[in-house]
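> sequence-free structure coming up:
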C-alpha cells in the first residue's frame, strides 16, 4: 500500500510544474528532451500515486549518476537476440526509464502477436516504480509483469550483511470498467526509498526494517521467525529473472549506492500476457474477485478491505481534488538547492 506524506503548511504544486522542474534539471546535465520528459513522467507519476520514495525524492540520485558519467542519459537500447516471444536487450548504460519503456513495449508487441512476450534487459539503471511498466501493458488490455534488481542493500536470512537488492516486482491486470489489480512491491521488508523518507522527516526507523548493526535491510517478513526466508526467496527469484537471465550484474556484484566508479549494469524483466489466449471472461472474473474481497467485513469500520492498487487510486483522487501535490519541507529544501546548483527556475507553487 502506498503512503501519503503531506504537510498541510507546505504549498501545493501542479503536476505539470513538477514535471517541468525535473525536465529542466535533466536538460541541465545534458539529457535529450525526450529522455528527460520520460524520466519526469515516471517520477511524478510515482508521487501522484503516493509513492513519494520513488518520485521527486530521487532527483538528486539521477543527477549525480548523470554528472558522474555512470548513467549515459543519451543512450538508446539495442536488441541483441530475439524470437517471436522473447528478446534480450542491451541498455548501454542508459536511463532505466528509457530501457524499461523500450523493453515493455517490445514485450507488448510480442504478446499481441503470439500471446506472450518476455523481454530481459541488461546494462540499465534505476527504472523508477516497477508498476509503471506493468501498467504500460495493462493499458493495452494485457497482463503486465515487471521486475528489476537493484544495488545490494538487503541481507539474506541468517546473515547481517547485504548481498542483494530490494528487487521489486509488479503485476497489473485489467478488470471491468477501468477497475484493475496493480501490485507494486519491494521483496525486502521495505523499499530503500522508505528509509530515505524516514531520514527526510527525522523519523525513527522501525527495527523490523533493518539490522541495527550493519544497516542492511531485512527481506520481506523481517526475521526468520516471521518467515523472512519467503521474502529472501522472492528477492532471489527476481534476481534470477533480471541479473542472471540477462547476463548483467547480479547480487553483490552490482555496485553499491553512491559508488560512481562503475556502471550499475542493472537487469530488468518484462512479461506481457494476452488474456484472450486463455479462458474468456478474464476481466469479469477478476472484477468479481476484487469486489468480493472489498466487501468483506473489515476489522476496523474506518479501514475497509482494499486490493492492490486501491490506495494509489485514493491518493490520485485526493491530489486531483486538491488541484496539486504537496511535498515535505525537506524535499522542498532539496529542490531549492538543486535549482540553485543547476541555475534553473525553482519549483513554482500554485498561487493561493
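Yes, it's here. Here the structure is a predicted model, which is why all the values come from computation and not from measurement. Numbering: from 1, shown residues only.
> By mean pLDDT, point me to the weakest helix or strand of this structure.
Within the chain, no helix or strand scores below helix 192-200, which has a mean of 79 by mean pLDDT, DSSP states H and E.
> Show me the shaky parts of this structure.
1-8 (pLDDT under 70).
> and the next element down the chain from the least confident helix or strand of the chain?
Going down the chain from helix 192-200, the next helix or strand is helix 228-239, by DSSP states H and E.
> picking up where we left off before, for the least confident helix or strand of the chain, report the contacting residues that lie outside it.
For helix 192-200, the surrounding residues in contact (Cβ atoms under 8 Å, 6 or more residues apart in numbering) are 3, 5, 51-54, 57-58, 150, 153, 166, 186, 204-205, 209-210, 217, 257, 328, 330-331. Every residue, glycine included, has its C-beta placed from N, CA and C.
> Do a quick rundown of the strands in this structure.
78-82, 86-90, 116-124, 143-148, 169-174, 180-185, 266-273 (DSSP state E).
> Please identify the pairing partners of the second one and their relative orientation?
When you say that, I think you mean strand 86-90. Strand 86-90 pairs in its sheet with strand 78-82 (antiparallel), strand 116-124 (parallel), by DSSP bridges.
> so which of the ones you listed gets nearest residue 71?
strand 116-124 (9.4 Å; Cβ to Cβ).
> and that closest one with strand 266-273, angle?
170 degrees (axes from the mean of the first three to the mean of the last three Cα atoms, to 10 degrees).
> just how off-centre is strand 116-124 within its chain?
16 Å (Cα atoms, centre = their mean, to the nearest Å).
> same question, stretch 330-339
Chain-centre distance of stretch 330-339: 22 Å, with Cα atoms, centre = their mean.
> what's the distance between the residue nearest to residue 149 when sequence neighbours are not counted and residue 122?
Spatially, and ignoring its direct neighbours in sequence, residue 149 is nearest to residue 242 (4.2 Å; Cβ to Cβ, 6 or more residues apart in numbering). Using Cβ to Cβ, to the nearest Å, residue 242 is found at 9 Å from residue 122.
> which neighbours do these two share?
Residues within reach of residue 242 and of residue 122 at once, by Cβ under 8 Å, 6+ apart, are 248, 266, 267.
> which among these gets closest to residue 116?
The nearest member of these to residue 116, counting by Cβ to Cβ, is residue 267 at 19.5 Å.
> residues in contact with the closest one?
Neighbour list for residue 267: 120-122, 124, 148-149, 241-250 [criterion: Cβ under 8 Å, 6+ apart].
> what does residue 220 give?
Residue 220 neighbours (Cβ under 8 Å, 6+ apart): 186, 187, 188, 189, 228, 230, 231, 234, 235.
> shouldn't the second one be in contact with residue 168?
Yes: here residue 187 reaches residue 168: they are 6.7 Å apart, a contact under Cβ atoms under 8 Å.
> Between the two, which contacts overlap?
With Cβ under 8 Å, 6+ apart, residue 187 and residue 168 have common neighbours residue 238.
> Residue 30 reaches residue 75, doesn't it?
No: checked against Cβ under 8 Å, the pair residue 30 and residue 75 is beyond contact range at 11.8 Å.
> quick one: which of those two has more around it?
residue 75 (20 against 12; other Cβ atoms under 10 Å).
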